[in-house]
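> Based on what follows, work out the 3D shape:
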Amino acid sequence: MEITTKLRDALAKHIRAKYGVELPIALERPPKIELGEAASPVCFELAKRLKKAPRQIAQEIQNALPPVPGVAKLEVAGAGYLNAYFDRGAFWDAAWSEAKAAIPKKDSQDWLSHKIIVEHTSINPNKAAHIGHVRNAVLGDTMARTLRQAGHNVQVQNYIDNTGVQVADVVIGFLHMEKRTPIGVKMLAKEPRFDYYCWDLYAKATQFFAEDKERAAKLRGETLKAIEEGRGEEAEIGQVVADAVVSCHLRTMARLGIFYELLARESEILHLHFWDLAFAKLKESGVIQFVKYGKMAGCWIMPWKEEKSGINTESAEITSTEGKEKNEEENLQDKIIVRSNGTVTYVGKDIAYQLWKFGLLGKDFHYAKWPKAPEGEEVWATTSGKNDPSAPPFGAPAKTVYNVIDARQAYLQDVVAQGLRGLGHAEAAENSIHLSYEIVALTPRCAAEMGYELSPEEAKKPYVEVSGRKGFGVKADDLIDRLESAALAEVQQRHAEMSAEEQKQTAHAIAVGALRFFLLKFTRNAIIAFDFADALSFEGETGPYCQYAVVRIRGIRRKGTEAGPARATLTAETAQKLLAGAEGNGLWEVLLAAGSLDYAVDAAIGAREPAFVAKYAFQLAQAFNNFYHKHHVLSEADEQKRAFLLGLTELVEAQLVRALDLMGIDAPEKM
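The predicted structure is shown next:
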């Protein structure tokens, strides 16, 4: 990355000085190593402006461009490409410097002014986490780790929707279906699998509401209002349910190495009057309007100026016809900010929360430590009670905000951004990034293994969708348990000499690696069909394949520690000689892959696509395995070459371990 940046800057400066033209310099990876490491098509664009042949311009630049650090030579290729060949010896030294570099620390006052918030997981605290939630958490956690690797100050937040419809449904289930008292729910909430109990109750409540929609609307409205206002048994049970389920979620995610700095609870947006202030701003600016008549009479909505919403805020006549698609009606519902009964929708509270993130609300939360944080972790939460003065500066404004929310919520996120724009905060709206992703389904084989009965039609489908409302899906803890059990059986078979505890730890690392890698290797816009056998395979594009490459390297390193000169004695000149020629090209490809982690990190951040990190790790592991089969490292007779081969394996290990760490994956000592 450093070399390509210097090359790009040098080309831009030279072209500006020689031709008086400002151009963005694109650099590509040539398809073959013989064509160099970076190629630019800039001469083709220059040719249009200068009325010269691209190849002639390329030759002029090749002859006149000053030396670029890290670039050995520049050649003209094809009809006018500029191909750059890196200095392989210098790259060897630079790659080692990168591998040893630590992730930047928060050690300057300037840090807070460049804060990035990554909000992820954000599960409704009404039931156990499922596999779809895990994809959200893994994406968000990996994005946060990747941003930190690139030197950014990242704060991870988990939004707790503890005053929403889903919590209200479970409260109704306890009060009206099971006839439980607040004390009874408190006792039940002490059970370790309380989130599983709520999972089943939520599905039953959904069926209960389907039987009588009028009853559902009335009960939900009354219960939501009581929860929002913090009064009565509804609010008391709602708090018990949400807090207990959140603690369950934290334990589940901790099993995957996922942690949070702040739990931002929706209740405080109401009780600390964040929403009141945001509501006043929205009304004053005219961003939202009151509907007097029609289906949405009594609601405050946010109409789009550039589109015909079909709503007249004076007459509120619905002009849409029956033939319009269903999602139009859903979009209209998403524009409701305050319901006719006075309760606030999720999107309304989210606008207030987003304003706070960017420091645009003029208020701050109160903070307290979460009492049931995972062992060894410190988690803070917003509170309506006394503020702990030792809390970190969570209220410092963010420069950029990543909201990890599934693709089905895209329209809702647009409503939030539109609210910010309407209030005059166009930059904040632009820096509110919706990191969207598609659903996680199950292969029919996986669904059957989890005990679900499938119809003949479902069994033929490529994937089976899950539904929390119906109680159909894979709970995250069940999934992790199942993966750990399968991995443990494999470890016990391969390593009977290990202690039981070591076998268990190894199986856990393999299971987590399998799951996290499987969820990351697909691009965010891909629907994932999860399958146990595919995820746990030691072959192919999987987490265990990458982990096993590290295990193999460590085995080589252990056996070769006493042999030959240390890697540190290898100079750039010696490395340059060993990397020359036909055999050297093969070694160079491995070194180039090892030294390209920063390139993958930059691509992942630029495209907002963590899959690039997974792809990098797999390709590096693959490059090492090809190298391993071609070169007999420990039996190499030439002392310097042996030292170089050992050093190369050590470098691959360092970079592969770091790439896996960016994905939250550990590499065990044995597999």
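> Grab the nearest non-local neighbour of Ala426.
Leu420 (7.6 Å; C-beta to C-beta, 6 or more residues apart in numbering). Bear in mind the C-beta positions are built from the backbone N, C-alpha and C, glycine included.
> distance between the helix or strand that that neighbour is a member of and the chain's centre?
Following DSSP states H and E, one finds Leu420 within helix 410-422. Distance, stretch centre to chain centre, for helix 410-422: 21 Å (C-alpha atoms, centre = their mean, to the nearest Å).
> For stretch 228-242, give me every contacting residue.
Contact with stretch 228-242 is made by 125-126, 160, 162-163, 167-168, 170-171, 174-175, 180-182, 185-186, 189, 198, 222-223, 226-227, 267, 270-271, 343-344, as judged by C-beta atoms under 8 Å, 6 or more residues apart in numbering.
> Average pLDDT for stretch 116-128, rounded please.
Averaged over stretch 116-128, pLDDT sits at 97.
> gap between the two ends of that stretch?
One end of stretch 116-128 to the other measures 29 Å (C-alpha to C-alpha, to the nearest Å).
> That stretch: how far from the chain's middle?
Worked out by C-alpha atoms, centre = their mean, stretch 116-128 lies 12 Å from the chain centre.
> Could you do stretch 131-150 as well?
The answer for stretch 131-150 is 3 Å, by C-alpha atoms, centre = their mean.
> Please report how far Ala39 lies from Cys198.
Distance, Ala39 to Cys198, by C-beta to C-beta, to the nearest Å: 57 Å.
> which secondary structure elements does the helix holding Leu420 contact?
In terms of contacts (3 or more C-beta pairs under 8 Å, 6 or more residues apart in numbering; DSSP states H and E), helix 410-422 is packed against helix 274-285, helix 326-334, helix 346-357, helix 426-430, strand 432-435.
> Columns mean neighbour count, distance to Glu636 and mean pLDDT on top of those, output as JSON lines?
As requested, those are exported to JSON lines (neighbours: other C-beta atoms under 10 Å; distance: least, C-beta to C-beta, whole Å; pLDDT from 0 to 100):
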{"stretch": "helix 274-285", "mean neighbour count": "18", "distance to Glu636": "66", "mean pLDDT": "96"}
{"stretch": "helix 326-334", "mean neighbour count": "14", "distance to Glu636": "64", "mean pLDDT": "52"}
{"stretch": "helix 346-357", "mean neighbour count": "25", "distance to Glu636": "56", "mean pLDDT": "96"}
{"stretch": "helix 426-430", "mean neighbour count": "16", "distance to Glu636": "55", "mean pLDDT": "97"}
{"stretch": "strand 432-435", "mean neighbour count": "20", "distance to Glu636": "46", "mean pLDDT": "97"}
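> need the contact list for the nearest residue to Thr443 once chain neighbours are set aside.
Using C-beta to C-beta, 6+ apart and skipping residues adjacent in sequence, the residue nearest Thr443 is Asp531, 4.3 Å away. By C-beta under 8 Å, 6+ apart, the contact list for Asp531 reads Leu442, Thr443, Arg445, Cys446.
> from the chain's centre, how far out does the helix or strand encompassing Ile172 sit?
Assessed by DSSP H and E, Ile172 sits inside helix 165-172. Relative to the mean C-alpha coordinate of its chain, helix 165-172 is positioned 28 Å out (C-alpha atoms, centre = their mean).
> name the helices or strands packed onto it?
helix 194-210, helix 213-229, helix 232-254.
> most tightly surrounded among these?
helix 232-254 (a mean of 22; mean count of other C-beta atoms under 10 Å).
> Mind checking what helix or strand follows that helix in sequence?
Counting by DSSP H and E, what follows helix 232-254 is strand 262-265.
> Can you verify Lys292 is assigned to a strand?
No. Counting by DSSP: H, G, I helix; E, B strand; the rest coil, Lys292 is not found in a strand; it is coil.
> Count the residues that sit near it.
By other C-beta atoms under 10 Å, 14 other residues sit near Lys292.
> Next up, phi/psi of it, please.
phi -90, psi -30 (degrees, to the nearest 10).
> And for Ile116?
Torsion angles, degrees, to the nearest 10, at Ile116: phi -120, psi 130.
> picking that back up, so what's the model's average confidence on the helix holding Ile172?
Mean pLDDT, helix 165-172: 96.
> Wait, Pro462 touches Ala529, no?
Yes. The pair Pro462 / Ala529 is scored as a contact, 6.1 Å apart, by C-beta atoms under 8 Å.
> More neighbours: the two, which one.
Neighbour count, other C-beta under 10 Å: between Pro462 and Ala529, Ala529 has more, with 21 against 9.
> Now do the SS call for the more buried one.
The three-state assignment at Ala529 reads strand, by three-state DSSP.
> ok, how many other residues are close to the residue nearest to Ala426?
Leu420, neighbours per other C-beta under 10 Å, totals 22.
> so who does it touch?
For Leu420, the contacting residues are Ile351, Gln354, Leu355, Phe358, Leu360, Ala426, Ala428, Ala429, Ser432, by C-beta under 8 Å, 6+ apart.
> Let's have the helices and strands packed on helix 410-422 in CSV, adding distance to Pro67.
Shown next, in CSV, are the helices and strands packed on helix 410-422 (distance: least, C-beta to C-beta, whole Å):
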stretch, distance to Pro67
helix 274-285, 57
helix 326-334, 57
helix 346-357, 46
helix 426-430, 39
strand 432-435, 39
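> closest one to Ala47 among the ones you listed?
helix 426-430 (34.8 Å; C-beta to C-beta).
> what separates the closest one from the chain centre, distance-wise?
That offset, for helix 426-430, works out to 21 Å (C-alpha atoms, centre = their mean).
> What helices and strands are in contact with that helix?
helix 410-422.
> Just the CA trace of the helix it packs on, in CSV.
The C-alpha trace of helix 410-422 is given here as CSV (Å, rounded to 0.1, in the frame of the first residue of the first chain):
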residue,chain,number,x,y,z
ALA,A,410,-32.8,0.3,4.0
TYR,A,411,-35.8,2.5,3.6
LEU,A,412,-36.0,3.1,7.3
GLN,A,413,-32.3,4.2,7.3
ASP,A,414,-33.1,6.6,4.4
VAL,A,415,-35.8,8.1,6.6
VAL,A,416,-33.3,8.7,9.4
ALA,A,417,-30.8,10.3,6.9
GLN,A,418,-33.6,12.5,5.5
GLY,A,419,-34.4,13.7,9.0
LEU,A,420,-30.8,14.8,9.4
ARG,A,421,-30.8,16.6,6.1
GLY,A,422,-34.1,18.3,6.8
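> That one versus helix 274-285: what angle between them?
60 degrees (axes from the mean of the first three to the mean of the last three C-alpha atoms, to 10 degrees).
> got the buried residues for helix 410-422?
Neighbour-count burial for helix 410-422, with 16 or more other C-beta atoms under 10 Å as criterion, is recorded at Leu412, Gln413, Asp414, Val415, Val416, Ala417, Gln418, Gly419, Leu420, Gly422.
> Can you point out the buried residues in stretch 67-83?
Quick answer for stretch 67-83 (16+ other C-beta under 10 Å): Val68, Gly70, Val71, Ala72, Leu74, Val76, Gly80, Tyr81, Leu82, Asn83.
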